[in-house]
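# Have a look at this prediction, sequence included:
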Amino acid sequence: MQQIQSDDLKGVSETLLIPLHYRVEASKSDSIDFKDEVAESFHNAIAYDWGKLDAAPSQSGAAAWRKTIFEERTAIFDEQVRCFLEKTPDGLVVNLGAGLDTRFHRLDNGRVEWIELDLPGVIAFRQKFPEPESKRHRMIAASVLDENWVIEVKRHARGRVLFVAEGLFEYFTEEEHRKIFTCLAENFPGEEMLFQTMAPSLVARLFQYSVLSKMGSKVELQWGLDDSAQVSALHPKVKFVHEFPLLARRYDQLPEPLRQRLSPAMAKQLAKIVHVRFVE
């Protein structure tokens, strides 16, 4: 198969390669029980300078930390989506800003409906890859800020719906967050969402250790939550349920320079996955 060029991925779209790269590293590692053959096939097919996402020997500690965090993020999202499917095996999962995410192929129970939603350019890029086909696995080419996709989601929602936003909202402004959460709260009462966020007051301490600082395109983290419960301020019907800190169990694995800037309490606050419900 001829390799697929990634030249059209610019700005935020280029960041979809980051989780793919770390998932593949985890899949090829013998140290954890994780396998993602579809992600490996995507990775092998892309013509990209993957070395940009790896650290120099002098930054090996930072590289290990980034890899660990992506593994933790993947593990938590996988676990929580599995919990949803155990309770609602015929439910619908809507992956916002899906990129090249392959969670459907890892967790498919043979009954779940699944929608991958991303920008038209990203969906067009993804459709260049040979991917296992399923009538329950669909793509929607649209910006999450364009509410027209809501009609399509409602059409496929036979039961409960879980929205997932992994590595998406960090690149949105507060106003854009408010628009998205208002759309979801008003159109999907009673449903739930899992999303990743970061504490903006602490992001500056992290950026030099972030793989984003190595990408050629200018990408900035724009807004997030210092306190996860603050999400309820985005809309009256958004109810905070729970948070899953990404660094809580990994603090001792952080590079020493970063631990000097972040106390254990701050590290716990820095990056998390937040679970919300849209009340009726």
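Looks like it arrived, so ask away. If you're wondering where the values come from, they're calculated on a predicted model, not measured in any experiment. Numbering: from 1, shown residues only.

# Please point out which parts of stretch 264-277 sit buried.
267, 268, 269, 270, 271, 272, 273, 274, 275, 276, 277 (16 or more other C-beta atoms under 10 Å). For every residue, glycine as well, the C-beta is placed using N, CA and C.

# Looking at those residues, which one is closest to residue 18?
Each of the buried residues of stretch 264-277 was scored against residue 18 by C-beta to C-beta, and residue 271 proved nearest at 14.0 Å.

# That closest one: what's it in contact with?
69, 196, 197, 198, 199, 245, 246, 247 (C-beta atoms under 8 Å, 6 or more residues apart in numbering).

# Confidence-wise, which of the residues you listed comes last?
The member of those with the lowest pLDDT is residue 69, at 76.

# Tell me how many other residues surround that one.
20 (other C-beta atoms under 10 Å).

# so what secondary structure elements neighbour the one helix or strand it maps to?
Assigned by DSSP states H and E, residue 69 belongs to helix 60-87. Under the contact definition 3 or more C-beta pairs under 8 Å, 6 or more residues apart in numbering; DSSP states H and E, helix 60-87 sits against helix 17-28, strand 92-96, helix 103-107, strand 161-165, strand 192-198, helix 256-261, strand 271-278.

# Centre of the chain to it, how far?
10 Å (C-alpha atoms, centre = their mean, to the nearest Å).

# I'd like to check which residues are in contact with the residue most central in space within the chain.
What sits nearest the mean C-alpha location of the chain, by C-alpha atoms, centre = their mean, is residue 166, with 1.6 Å. Residues counted as contacts of residue 166 (C-beta under 8 Å, 6+ apart) are 19, 73, 77, 95, 97, 101, 194, 195, 196.

# buried sites along stretch 22-32?
22, 23, 24, 25, 26, 27.

# actually stretch 7-22, not the one I wrote
Neighbour-count burial for stretch 7-22 flags 9, 12, 13, 14, 15, 16, 17, 18, 19, 20, 21, 22 (criterion: 16+ other C-beta under 10 Å).

# mind checking pLDDT for residue 64?
Looking at residue 64, its pLDDT stands at 59.

# what separates the residue nearest to the centre of the chain from residue 44, distance-wise?
Distance, residue 166 to residue 44, by C-beta to C-beta, to the nearest Å: 22 Å.
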